[in-house]
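Peer 1: just the structure for this:
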Amino acid sequence: MLDRKTGWEYKVVEVKRVTRVTRGGKRFKIRAVVIAGNKKGKVGIGIEKGLDVSEAVNKALNSAIKNSIEIPIINGTIPYEVTGKISAAKVLIKPAKAGRGLIAGGTVRIVLELAGVENASAKILGVTKNPLTNALSAIKALEKLSKYGINITPKENANKSD
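Peer 2: Below you'll find the model as predicted:
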C-alpha cells in the first residue's frame, strides 16, 4: 500500500490482539507490525499498539518511517553477503546478478522489495517461523551494509563504467 502523505510504500505483516490484566479485568489492544520503504534504499520496521487496527497501523507506519535505515544499492543489488540474527531467527542475504530477480521468502522478501533491491538471494536459516523476528533479523543484516559507509548511487556507478 502507498501512504499518500509520505510517498512510502508499506505492508502490514502482523496484527495481533494483546491483553493486559488489571484489577478491573482485561484491557485489550491491537499490536501491528508494519514494514515501510521508499524503494530507493530506505526501509524500516514499526511495532506499535493502538485501541483499534487503523490506529495501530498508522502508529506503526510512522514508527517505521522514523526508525528507517539507508542501505547501499549497486546495480539493483546489495554490495556483498550479510547475515543477521535476532533471538532464534537467522537470515542470510546474498547479492545476485542483474536479471535474477528477488529470491527470498516470507518477511525477508517484503523487506528487500520495499528497500528497492531488485536482484538478491535470501534464506531464513533460523528455526522460527515468527514473521516479526525474521523481519528484524533481515533489518539487522541490512544495517551491517550501511555501517561501512558504501553510498554509491546507481547514477554514480553508471558513470564509472563509461
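Peer 1: just say helix, strand or coil for the residue positioned nearest the centre of the chain.
Peer 2: Nearest to the geometric centre of the chain sits Val111, at 3.3 Å (Cα atoms, centre = their mean). At Val111 the chain is in helix, as set by DSSP: H, G, I helix; E, B strand; the rest coil.
Peer 1: what about the closest residue to it other than its chain neighbours, how many residues nearby?
Peer 2: In this structure, Val111 finds its nearest non-sequential neighbour in Ala138, 4.4 Å apart by Cβ to Cβ, 6 or more residues apart in numbering. No exception for glycine: its C-beta is placed from N, CA and C like everyone else's. When neighbours are defined as other Cβ atoms under 10 Å, Ala138 has 31 of them.
Peer 1: what's the answer for Glu70, then?
Peer 2: 17.
Peer 1: quick check, it in contact with Gly44.
Peer 2: No: assessed by Cβ atoms under 8 Å, Glu70 is found out of contact with Gly44, at 9.8 Å.
Peer 1: which residues of this protein score low on pLDDT?
Peer 2: Along the chain, the parts satisfying pLDDT under 70 run over 146-162.
Peer 1: tell me the domain ranges of it?
Peer 2: Per the record, the chain has its domains at 9-69, 71-153, by automatic domain parsing.
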